[in-house]
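Student: requesting a structural model of the entry that follows:
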Amino acid sequence: MGPTDADLLAAHRAGDEHAFGELVSRYRAKMWGIAARTLQHPEDAADAVQEALVSAYRSAGSFRGDASVRTWLHRILVNACIDRIRQERRRGTVPVAEVEPRHQRGDVGAEVVTRLSVERALAALPAPQRVAVVLVDVQGWPLHEVAEILEVPVGTVKSRCARGRVRLAVLLGHLREEER
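Tutor: Below you'll find the model as predicted:
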């Protein structure tokens, strides 16, 4: 069994050049998944992950240990994603044209259409609901950890998820009708 996350962070703070890289290798894929599902564009997701890791690298000395290193890293990422969502709203965006396949190309075509529909629906949720739904329903995080990451009570996470799910059901209702 290797060093714990806390051990790696302590080693990084003590000057170990490889410790932070080990933390990155442990969490990069999960962080990418959260960012990719929270933000609309892969480039924005990559930028958010990079910003979060740079921020964590620079602020490692101020880590107090109130939360796990994993939770701390994901909190920084969620903040980076929310900042990008806010910037996007200020810039204004051009809505993505509706994608309607000319003909059904089997499972692959249906899967692509479904994936695009889900991505658009997630993007339509307010940022707090989107982040909660992605962390709980897509990534499978426990409610208490999501509450810790978002710095809100567990009940708030539950209500954000519930509201987000209701909104997603409305936005994705057409997928159910297509199955019939």
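Student: tell me the spacing between the most centrally placed residue in the chain and Val131.
Tutor: Closest residue to the average C-alpha location of the chain: Ile34 at 2.4 Å, with Cα atoms, centre = their mean. From Ile34 over to Val131 the distance is 8 Å, taken as Cβ to Cβ, to the nearest Å. In this view, the C-beta of every residue, glycine as well, is placed from N, C-alpha and C.
Student: give me the common contacts of these two.
Tutor: Shared between the contact lists of Ile34 and Val131 (criterion: Cβ atoms under 8 Å, 6 or more residues apart in numbering) are residues Val78, Cys81.
Student: so where's the chain shaky on pLDDT?
Tutor: Low-confidence segments of the chain, defined by pLDDT under 70: 89-110, 177-180.
Student: could you pull out the helices for it?
Tutor: Per DSSP state H, the chain has helices spanning 5-13, 19-38, 42-59, 69-91, 106-124, 127-133, 143-150, 154-171, 173-179. These are given in chain order.
Student: what comes up buried for stretch 138-146?
Tutor: Of the residues in stretch 138-146, those buried by neighbour count under the rule 16 or more other Cβ atoms under 10 Å are Trp141, Glu145, Val146.
Student: let's have those in CSV, adding distance to Glu17.
Tutor: Formatted as CSV, the entries for the buried residues of stretch 138-146 read as follows, by distance: Cβ to Cβ, whole Å:
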residue, distance to Glu17
Trp141, 31
Glu145, 30
Val146, 33
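Student: out of these, who's nearest Val112?
Tutor: Within the buried residues of stretch 138-146, proximity to Val112 (Cβ to Cβ) peaks at Trp141, which comes in at 26.9 Å.
Student: appreciated, that's everything.
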